[in-house]
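**Q** Take this sequence and fold it.
(one chain, ligands or ions: 1)
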Amino acid sequence: MQVTVIGLGRMGRAMAERLVDEGFALRVWNRTADKAAGLDATVCASAAEAVLGADLVLTSLANDDAVRATVLGAHGVLAALGAEAVHVNASTISHACAEELVRAHEHALRSYVSAPVLGRPDAARAGALAILAGGSAEARRRAQPLFDAIGQRTFALDSAPRANLAKIVCNFMLAGIIELLGEALALGEKGGLPRERTVEILTGTLFGCPAVEGYGKRIAEGRFEPAGFAMPLGLKDVELALALGDTLRVPLPTASVVRDHLLAALARGRERLDWSGLATVALEAAGLR
Ligand SMILES: NC(=O)c1ccc[n+]([C@@H]2O[C@H](COP(=O)([O-])OP(=O)(O)OC[C@H]3O[C@@H](n4cnc5c(N)ncnc54)[C@H](OP(=O)(O)O)[C@@H]3O)[C@@H](O)[C@H]2O)c1
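**A** I've put the predicted structure just below:
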């Protein structure tokens with residue numbers, strides 16, 4: 001099976017490495033070519049060249065604009081996608097962009113699956129992602145070997161935009177949890193409870209879940225670099241939730257607060273931090289470092 005990976009950022013690179021380990025022959029393209037250095041794959045000069053002959057094309061790109069530029073352009077993914085191939089898009093994009101991609105692929109008589117993922121680059125490298133796969137049952141069936149290689153569980157959704165909706169909901173929850181952790185750890189610490197102890201108590205009682213454990217530990221240790229998921233992308237995801245809330249008439253007051261706090265962190269020059277660095281805003285507001 002010939003697989004192409006388009007986009008070798010933190011996630012794309014980790015997924016590509018996992019696919020190589022799993023024995024897939026890979027063709028890859030990234031806008032910034034040097035991110036392919038050291039990868040056991042055929043490095044191509046354009047997205048279209050990388051897609052030629054592929055059975056499955058995995059895109060992992062920053063946002064809507066990056067996906068549109070790479071997929072829909074005259075020399076993009078869709079123009080080169082074979083009739084039997086499936087385009088699997090793991091990027092976290094808006095519901096509206098997913099609808100646009102569905103229309104474009106249908107118009108070109110090509111197969112598309114939205115497959116946003118849960119899990120950070122280390123989970124991708126270990127084949128431990130959760131995959132929210134939305135598209136026709138046939139396209140999802142053909143993409144399953146790819147999902148099995150990078151993920152430990154695939155959730156089937158009956159349309160591509162619905163998978164993106166599910167991903168936006170999940171990341172809204174994560175952003176809220178990070179905000180809450182920042183505030184809760186600040187409250188504990190001001191009263192004399194060390195951050196690590198608060199996290200131990202939280203996770204050992206009612207809050208023992210991967211999100212609280214992983215982010216709680218990271219925040220308690222102040223370990224925000226290197227970023228696994230960078231703060232500007234976190235802001236993008238919260239804004240995706242707010243935009244969908246606008247469209248669907250769903251107020252999301254927590255998302256509004258989180259958006260402002262992410263902006264405050266970015267205004268202080270924290271572009272390079274992991275998005276869990278959002279917690280620094282609540283800690284600083286309480287007079288803590
Ligand atoms: N990191 C995570 O933990 C995580 C987890 C789940 C989902 N995601 C999602 O996965 C996607 C990738 O995330 P990431 O962490 O890998 O981001 P990243 O490290 O910032 O990489 C972004 C990728 O998008 C490419 N790109 C950006 N703008 C472009 C454009 N205009 N044209 C072509 N390529 C462009 C970048 O190319 P260059 O190298 O040339 O800049 C790079 O390959 C995002 O949608 C993110 O929300 C990330």
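**Q** What parts of the stretch 51-200 of the chain come near the ligand?
**A** 60-62, 65-66, 69-70, 91-92, 117, 120-121 (C-beta under 6 Å from any ligand atom). Quick note: C-beta positions are derived from backbone N, CA and C, even for glycine.
**Q** Okay, and which of these map to helices?
**A** Among these, the residues falling in helices (DSSP state H) are 65-66, 121.
**Q** For whichever residue of the stretch 151-289 of the chain sits closest to the ligand, the count of nearby residues, please.
**A** Of all residues in the stretch 151-289 of the chain, F229 sits closest to the ligand, at 3.4 Å by C-beta to the nearest ligand atom. F229 has 19 neighbouring residues, counting by other C-beta atoms under 10 Å.
**Q** if we can go back for a sec, a markdown table for the residues of the stretch 51-200 of the chain next to the ligand, including pLDDT?
**A** Shown next, in a markdown table, are these (pLDDT from 0 to 100):
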| residue | pLDDT |
| --- | --- |
| S60 | 98 |
| L61 | 98 |
| A62 | 98 |
| D65 | 98 |
| A66 | 98 |
| A69 | 97 |
| T70 | 98 |
| S91 | 98 |
| T92 | 98 |
| V117 | 98 |
| R120 | 97 |
| P121 | 98 |
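**Q** Can the helix or strand harbouring G234 be said to contact the ligand?
**A** Using DSSP states H and E, G234 sits within helix 231-248. Yes: between helix 231-248 and the ligand, judged by C-beta under 6 Å from any ligand atom, the touching residues are L233.
**Q** Output the contacting helices and strands for the helix or strand that that helix is followed by.
**A** Going down the chain from helix 231-248, the next helix or strand is helix 253-267, by DSSP H and E. Helix 253-267 sits against helix 160-190, helix 231-248, helix 279-285, with contacts defined as 3 or more C-beta pairs under 8 Å, 6 or more residues apart in numbering; DSSP states H and E.
**Q** Would you convert those helices into TSV that also reports mean pLDDT, mean neighbour count and distance to V5?
**A** Formatted as TSV, the helices and strands packed on helix 253-267 follow (pLDDT from 0 to 100; neighbours: other C-beta atoms under 10 Å; distance: least, C-beta to C-beta, whole Å):
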stretch	mean pLDDT	mean neighbour count	distance to V5
helix 160-190	98	21	19
helix 231-248	98	19	18
helix 279-285	98	20	32
